[in-house]
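> okay, structure incoming, though there's no sequence with it:
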């Protein structure tokens, strides 16, 4: 089946720095990708919808200037957490749809120290 | 608005017991899709099943079975003869139409003890 690859799987960064997470659809083109965030013991919350060639659509309460999303090609979407703070520590996971199916990346565990 | 409710936050059973995880959804769409995912401690989401709104047939896959009832807006998941390896968090999710975002329930943490 189709595969979505997310990188890195984990990252530790210092407070105030930026971190980029990549999400690639390996064997299909994804005009739309989705970014979710999951805090410990909680559900996956949609952060934004990434659209190839246009601006991302952010969910209410998600700071677009802090979570920069770029979807420059049909197979790659990136999420950059800018000026990261400890409260941004979380599990971030991307998803791409192909028709009725939904494929998820492996997730990225971000720890900001 | 779309919503998914998994009322059971945690369930603990002893190995070989049957267990049912409940999922209730809300949507105004006539065409929608329901999903179940398993999330082990590694965090990766493991796809279990996808069901569209026009297909109410129950499905069985090995020890797993799903009961879709549109009349009660429920899509429950049963594990028969549970095993320790079934221990994980299970999420029910909903999307409207093709290609749309998934809305997740709160998740149910299943613990199967030997």
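Perfect, I can see it now. Keep in mind that what you see is a predicted model, and the values were worked out from it rather than measured.
> can you give me how far stretch A:87-107 is from the chain middle?
7 Å (CA atoms, centre = their mean, to the nearest Å).
> that one: which residues count as buried?
A:88-98, A:100-107 (16 or more other CB atoms under 10 Å in any protein chain shown). Yep, even glycine has a C-beta here, placed from its N, CA and C like the rest.
> now do stretch B:38-54
B:38-39, B:43-45, B:48-51, B:53.
> repeat for stretch B:54-65
B:64-65.
> anything in that stretch near chain A?
No: judged by CB under 8 Å from any CB of the partner chain, stretch B:54-65 and chain A are separated, with a smallest distance of 11.2 Å.
> between its first and last residues, how far does that stretch reach?
Taking CA to CA, to the nearest Å as the measure, stretch B:54-65 stretches 18 Å from start to finish.
> could you show which parts of chain A are in contact with chain B?
A:32, A:34, A:36, A:38, A:41-46, A:49, A:91, A:93, A:95, A:97, A:99-102, A:104, A:106-107, A:109.
> which members of the residues you listed are positioned in strands?
A:32, A:34, A:36, A:38, A:45-46, A:49, A:91, A:93, A:95, A:97, A:101-102, A:104, A:109 (DSSP state E).
> any idea which helix or strand carries the residue lying closest to residue B:76 once chain neighbours are set aside?
Spatially, and ignoring its direct neighbours in sequence, residue B:76 is nearest to residue B:67 (4.8 Å; CB to CB, 6 or more residues apart in numbering or on different chains). Assessed by DSSP states H and E, residue B:67 sits inside strand B:64-69.
> gap between that strand and the chain center?
9 Å.
> could you list the paired strands of the worst-scoring helix or strand of chain B on mean pLDDT along with their orientation?
Lowest on mean pLDDT, DSSP states H and E among the helices and strands of chain B sits strand B:59-61, with a mean of 91. Note on strand B:59-61: by DSSP bridges, its sheet partners are strand B:64-69 (antiparallel).
> can you list contacts of the partner strand?
Identification of contacts with strand B:64-69 by CB atoms under 8 Å, 6 or more residues apart in numbering or on different chains yields B:34, B:36, B:48-49, B:51, B:55-60, B:74-80.
> same thing but 7 Å
Residues outside strand B:64-69 that contact it (CB atoms under 7 Å, 6 or more residues apart in numbering or on different chains): B:36, B:48-49, B:51, B:56, B:58-59, B:75-80.
> over to stretch A:15-23?
A:4, A:6-7, A:11, A:13, A:33, A:76-86, A:92, A:94, A:105, A:108, A:110, A:112-113.
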